[in-house]
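Chemist: structure, please.
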Amino acid sequence: MALGGKALDIMFDLYQRDFFKNIKSVMDMGDQDMYISFEEIKKKFKSNNIQFDQSDWENAKKFPKRPRVSTSTLWKSFGANLTSRMDLVKLDRDTNDKSEHLIHDLNNPFDKKEFFEKYDLVTDIGNNEHPFNIAEAYRTMHKLCKKNGHMIIHQAYLRGNGFYQFDISTI
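Modeler: Residues are numbered from 1 along each chain as shown. Take a look at the predicted model:
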């Protein structure tokens with residue numbers, strides 16, 4: 001899944017509420033990208049009084065074609081210094097993206113202790129419904145998140161495309 005639409009609006013709202021003020025490290029579960037055009041993202045930055053570096057968003061000019069801009073670019077714009085992703089493979093998404101990629105099957109326990117409690121924010125933006133062992137996927141999120149850190153989970157309630165389908169009772 002990609003970050004766009006209402007989920008992206010929520011991220012900008014959280015930014016305005018200073019949620020990202022102390023977020024310096026972010027782990028995305030899945031190799032996430034931005035689902036937004038160059039003009040739309042530029043407009044969002046301007047309306048939220050956030051500095052917009054056009055060079056970081058060049059791939060958005062090709063939208064909806066790939067490669068798109070990675071979510072790491074957004075997190076860095078919000079102040080994160082360390083951005084990482086975890087997925088089965090490293091996808092060739094964005095040539096400007098310098099984020100760390102961890103290759104891992106979320107069906108299996110994650111045991112690389114050097115990454116335990118490393119991240120201020122761990123996100124699941126339409127990723128963790130894909131592994132069969134969904135409990136292990138969320139266990140991994142908890143291992144990665146710092147004590148007093150934050151997790152953002154944004155799943156499709158209708159017409160999802162994962163192994164599991166969430167519904168309103170999830171929240």
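
Chemist: how about the nearest residue to residue 152, chain neighbours excluded?
Modeler: Once flanking residues are discounted, residue 152 sits nearest to residue 123: 4.7 Å by CB to CB, 6 or more residues apart in numbering. No exception for glycine: its C-beta is placed from N, CA and C like everyone else's.

Chemist: try residue 104
Modeler: Per CB to CB, 6+ apart, closest to residue 104 is residue 86, 5.3 Å.

Chemist: in this structure the residue nearest to residue 152 contacts residue 31, no?
Modeler: No. Residue 123 lies out of contact with residue 31 (CB atoms under 8 Å); the separation is 11.9 Å.

Chemist: among the two, which residue is more densely surrounded?
Modeler: Ranked by neighbour count (other CB atoms under 10 Å), residue 123 and residue 31 place residue 123 first, with 25 against 22.

Chemist: I'd assumed the more buried one was in a strand, is it?
Modeler: Yes. Under DSSP: H, G, I helix; E, B strand; the rest coil, residue 123 falls within a strand.

Chemist: who's in contact with it?
Modeler: 26-29, 32, 71, 151-154 (CB atoms under 8 Å, 6 or more residues apart in numbering).

Chemist: ditto for residue 102
Modeler: Residue 102 neighbours (CB under 8 Å, 6+ apart): 84-87, 112, 115.

Chemist: surely it is within a strand?
Modeler: Yes. Under three-state DSSP, residue 102 falls within a strand.

Chemist: distance of it relative to residue 26?
Modeler: 13 Å (CB to CB, to the nearest Å).

Chemist: common neighbours of those two, please.
Modeler: residue 84.

Chemist: what residue lies at the spatial centre of the protein?
Modeler: Most central in the chain under CA atoms, centre = their mean is residue 28, positioned 4.1 Å from the mean C-alpha point.

Chemist: grab the nearest non-local neighbour of residue 56.
Modeler: In space, residue 56 is closest to residue 73, 5.1 Å off (CB to CB, 6+ apart).
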